[in-house]
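[1] Okay, structure incoming, though there's no sequence with it:
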Ligand SMILES: Nc1ncnc2c1ncn2[C@@H]1O[C@H](COP(=O)(O)OP(=O)(O)OP(=O)(O)O)[C@@H](O)[C@H]1O
């Protein structure tokens, strides 16, 4: 997943406009307009107030100001306090709305990213890295949501600048034009400095993603790393990734601070020019010069926050670009959607017909025009060297992946995409390292069940999986399993995973290397459970383990066979 091209501001605004409700934007813009108007008016009111101290000589520049100058002092002061208070209240409301918009956008982007990944095709998904997914759903969705805030800050700033300029023009149009020209030139100059922002943002996405991948990988393989003594190497890789990320951040902040420094110098120069023009050249009376200076002093930090928002915006656009291209990529590889189709029921035979499967980036096919027929209720063992295609066969018969050519057929009917999705619900899969959550045994067994199963069903599944040791535990099925089931042995974990599979009452049960590394007693207990399923459930055993292969009515050797038909002895 990557995003290598710059997004234009128009694309970003169009995307955000689609995500945020128009009503919300209209309310916010209205509030921002009132806040800016009250600020502008408040500053204009300074003129008659200043005249109270410095006199009104030469001060009648417009009829509005002339009428204000005649107003009673108490009214002027009350108006000033009222306007400032009104602005404070509105700014509070604007900030609340901004925060809400940002938070709900973040939530929406996170949900969209998660849904796109969850809904992607398995063959595409298996080529991706879970660290990238974590990075996308957490960090990049946040950064993309932060963009909405930068846009709103920019909009608020621009509206306020416009109103302050109008207020300035009410006092002196020459000064307003001078500010406009100077501000325009400065903004063009600063645009140059912001140009590299998206490239810096992309470097951040890459460095952050690398670190996230390393952490995700290290955490899921900590035991193996400890035993293999790989920790020093992992620590070195981690240090490098942390330093790379810090260097990217350092570059970004240095550039940002340099732009700020230049802005401060430019602003001081502009302010000096402003005072010089106002007092020396234009000889504007003090009653105007003081409020004009107040306007200028207000404009400087405002323009500063605008250029700051512009840099952050450029930087965060890279996050949005990455998010959008990842969403596009995931959605271009959709998993099959479950539609309203008649339930698939295996009562005679499960077959692969003329199946060809070649993985992305590989030239050799794992299966080429492969045929296989297994009878319902039978136990079929599949052997083959590593890489012969045992797991791929499991993915094909479970309907997880679609072959490039050929069909998965149940009772002679080739399954379309919607039926393939429906068929999956009748398949249970137990793998070598079962997925276990840090909950109780009962919660782990019930994991994935569509309806919450009753306790008796869970107990029956435990018995069917030869996992009765659970009943002897002090807390029985309520015993905590620890992360990844760390508090249990490999054999115990496998039998709990088998109980989970049996609870689902599957039509097809796939056991993928379930006895790898288990002792004879545990393997025998699993074997006894499998034998008891004969005639009740179709079982596919993928294994290198002779003890498991011996359970099969027939053995399919993937190193030899390019087609396989098991006799109907299972039913
Ligand atoms: N997602 C994938 N992308 C690319 N190639 C893949 C992918 N999954 C599997 N392969 C390749 O397909 C071939 C069959 O892999 P598969 O995992 O099905 O073999 P296996 O018999 O289960 O191996 P093992 O016993 O080692 O688990 C291998 O060459 C493997 O490298």
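    Thanks, I have it. No experiment lies behind these values; they were computed from the predicted model shown.
[2] which residues in this structure form strands?
    349-357, 367-375, 379-383, 405-410, 413-414, 427-430, 508-512, 538-542, 554-557, 563-565 (DSSP state E).
[3] With distance to the ligand and mean pLDDT as new columns, can those strands be given to me in JSON lines?
    To be clear about C-beta, it is placed using only N, CA and C from the backbone, and glycine gets the same treatment. Formatted as JSON lines, these follow (distance: least, C-beta to the nearest ligand atom, whole Å; pLDDT from 0 to 100):
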{"stretch": "strand 349-357", "distance to the ligand": "8", "mean pLDDT": "95"}
{"stretch": "strand 367-375", "distance to the ligand": "9", "mean pLDDT": "93"}
{"stretch": "strand 379-383", "distance to the ligand": "9", "mean pLDDT": "94"}
{"stretch": "strand 405-410", "distance to the ligand": "16", "mean pLDDT": "96"}
{"stretch": "strand 413-414", "distance to the ligand": "22", "mean pLDDT": "94"}
{"stretch": "strand 427-430", "distance to the ligand": "13", "mean pLDDT": "93"}
{"stretch": "strand 508-512", "distance to the ligand": "8", "mean pLDDT": "95"}
{"stretch": "strand 538-542", "distance to the ligand": "7", "mean pLDDT": "95"}
{"stretch": "strand 554-557", "distance to the ligand": "12", "mean pLDDT": "92"}
{"stretch": "strand 563-565", "distance to the ligand": "15", "mean pLDDT": "72"}
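[4] got TSV for these, with distance to residue 450 too?
    Compiled in TSV, those are given as follows (distance: least, C-beta to C-beta, whole Å):
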stretch	distance to residue 450
strand 349-357	22
strand 367-375	26
strand 379-383	26
strand 405-410	20
strand 413-414	24
strand 427-430	13
strand 508-512	17
strand 538-542	21
strand 554-557	32
strand 563-565	33
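[5] most neighbours per residue, which of those strands?
    Greatest average neighbour count among those goes to strand 538-542 (a mean of 26), per mean count of other C-beta atoms under 10 Å.
[6] Show residues contacting it.
    346, 350, 374-382, 390-391, 393-394, 397, 507-513, 530, 533, 548-549, 551-552, 570 (C-beta atoms under 8 Å, 6 or more residues apart in numbering).
[7] out of the strands of the chain, which comes closest to residue 329?
    When the strands of the chain are compared by C-beta to C-beta, strand 349-357 sits nearest residue 329, at 21.8 Å.
[8] Mind giving me the packing neighbours of that closest one?
    The contact analysis (3 or more C-beta pairs under 8 Å, 6 or more residues apart in numbering; DSSP states H and E) places strand 349-357 against strand 367-375, helix 390-397, strand 405-410.
[9] Can you list the strands that that strand pairs with?
    strand 367-375 (antiparallel), strand 405-410 (antiparallel) (DSSP bridges).
[10] For the shortest one, which outside residues touch it?
    Judged by C-beta under 8 Å, 6+ apart, the contacts made with strand 405-410 from elsewhere in the structure are 344-346, 349-356, 369-370, 396-397, 399, 414-415, 420, 423.
[11] Go again with 6 Å.
    344, 346, 350-351, 353-356, 414-415 (C-beta atoms under 6 Å, 6 or more residues apart in numbering).
[12] Serialize those residues to CSV and add fields for distance to residue 215.
    Below are the contacts of strand 405-410 laid out as CSV (distance: C-beta to C-beta, whole Å):
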residue, distance to residue 215
344, 41
346, 42
350, 41
351, 44
353, 44
354, 44
355, 39
356, 38
414, 44
415, 40
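[13] okay, now the residue lying closest to residue 482 once chain neighbours are set aside: neighbour count?
    Residue nearest to residue 482 in three dimensions, not counting chain neighbours: residue 438, with 6.1 Å by C-beta to C-beta, 6 or more residues apart in numbering. Using other C-beta atoms under 10 Å, residue 438 has 14 neighbouring residues.
[14] pretty sure residue 438 contacts residue 485?
    No. Counting by C-beta atoms under 6 Å, residue 438 sits too far from residue 485 to count as a contact (8.6 Å).
[15] got the residues of the stretch 1-150 of the chain near the ligand?
    126-127 (C-beta under 6 Å from any ligand atom).
[16] so where do the helices sit in the stretch 1-150 of the chain?
    9-19, 22-54, 63-69, 73-118, 122-125, 130-135, 141-171 (DSSP state H, counting those that start in this stretch).
[17] Give the rounded mean pLDDT of the third one.
    Taken as a whole, helix 63-69 has a mean pLDDT of 62.
[18] Find the residue at the geometric middle of this structure.
    The centroid of the chain falls nearest to residue 137 when counting by C-alpha atoms, centre = their mean (1.6 Å).
[19] which stretches of this protein aren't confidently modelled?
    Scanning the chain with the threshold set as pLDDT under 70 gives 1-6, 47, 50-69, 192-195, 223-224, 282, 287, 338-339, 562-563, 568-571.
[20] Can you give the domain ranges for it?
    Following automatic domain parsing, one gets these domains for the chain: 9-331, 349-565.
[21] Could you export those as JSON lines, including distance to residue 340?
    Below are the domains of the chain laid out as JSON lines (distance: least, C-beta to C-beta, whole Å):
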{"stretch": "domain 9-331", "distance to residue 340": "18"}
{"stretch": "domain 349-565", "distance to residue 340": "8"}
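[22] so what's the closest residue to the ligand within the stretch 1-150 of the chain up against?
    Nearest to the ligand, among the residues of the stretch 1-150 of the chain, is residue 126, at 4.1 Å (C-beta to the nearest ligand atom). Applying C-beta under 6 Å, 6+ apart, we find residue 126 in contact with no residue.
[23] Can you get me a residue count around whichever residue of the stretch 201-350 of the chain sits closest to the ligand?
    Of all residues in the stretch 201-350 of the chain, the one sitting closest to the ligand is residue 333 (12.4 Å; C-beta to the nearest ligand atom). Look at residue 333: counted by other C-beta under 10 Å, it has 16 neighbours.
[24] which ones are touching it?
    Counting by C-beta under 6 Å, 6+ apart, residue 333 touches 120-121, 124.
[25] And those residues, which is closest to residue 474?
    residue 120 (42.9 Å).
[26] For that closest one, which non-adjacent residue is closest in space?
    Nearest non-adjacent residue to residue 120, counting by C-beta to C-beta, 6+ apart: residue 330, 4.5 Å away.
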